[in-house]
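K.L.:
I'd like to go over a predicted model; first the sequence, then the structure.
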Amino acid sequence: MRYPVVVHNIEFAGYGAIAPDLPHCHCHGETLDTTLQKMAETIAERLEELQSAGDPVPDPGDLEALRKNPAFAGGVWAIIDVESNELSPKS
């Protein structure tokens, strides 16, 4: 699955990232690379939490529709690719 992520530069504080399709899925990092790596880990953890709770895993949203949302204005968009085998229940 490929989840869109919006990243904002926070003046004097690094970067903040949000995965709009996943509730409570956000992170902060000192550099853009660190933030994107943390976001990939955060998305995988959040999907695992949803799956463990028996909740449905949300489908990734449409990037173009998300870009039009004024709440995300000024952000840079990235795609975090989470392999479906990472979401399988662990033995």
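P.N.:
Thanks, I have it.

K.L.:
can you give the strand pairings for the longest strand along the chain, parallel or anti for each?
P.N.:
Ordering each strand of the chain by length in residues (DSSP state E) puts strand 2-10 first. Strand pairing for strand 2-10, determined by DSSP bridges: strand 14-18 (antiparallel), strand 76-81 (antiparallel).

K.L.:
what comes up buried for it?
P.N.:
3-7 (16 or more other Cβ atoms under 10 Å). (Glycine included, C-beta is placed from N, CA and C.)

K.L.:
want to throw those residues into CSV with pLDDT?
P.N.:
As requested, the buried residues of strand 2-10 are exported to CSV (pLDDT from 0 to 100):
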residue, pLDDT
3, 96
4, 97
5, 97
6, 97
7, 97
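
K.L.:
which one of the residues you listed sits closest to residue 39?
P.N.:
Top of the list for closeness to residue 39, among those and by Cβ to Cβ, is residue 5 at 5.3 Å.

K.L.:
ranges for the helices of the protein?
P.N.:
32-52, 63-67 (DSSP state H).

K.L.:
what about the residue lying closest to residue 67 once chain neighbours are set aside, neighbour count?
P.N.:
Nearest residue to residue 67, sequence neighbours excluded (Cβ to Cβ, 6 or more residues apart in numbering): residue 77, at 6.6 Å. Burial of residue 77 is recorded as 12 neighbouring residues (other Cβ atoms under 10 Å).

K.L.:
residue contacts, the residue positioned nearest the centre of the chain?
P.N.:
Centroid check for the chain by Cα atoms, centre = their mean gives residue 19 as the closest residue, at 3.2 Å. For residue 19, the contact set (Cβ atoms under 8 Å, 6 or more residues apart in numbering) comprises 3-5, 25-26, 39, 42-43, 46, 80.

K.L.:
for it, phi and psi?
P.N.:
phi -100, psi 100 (degrees, to the nearest 10).
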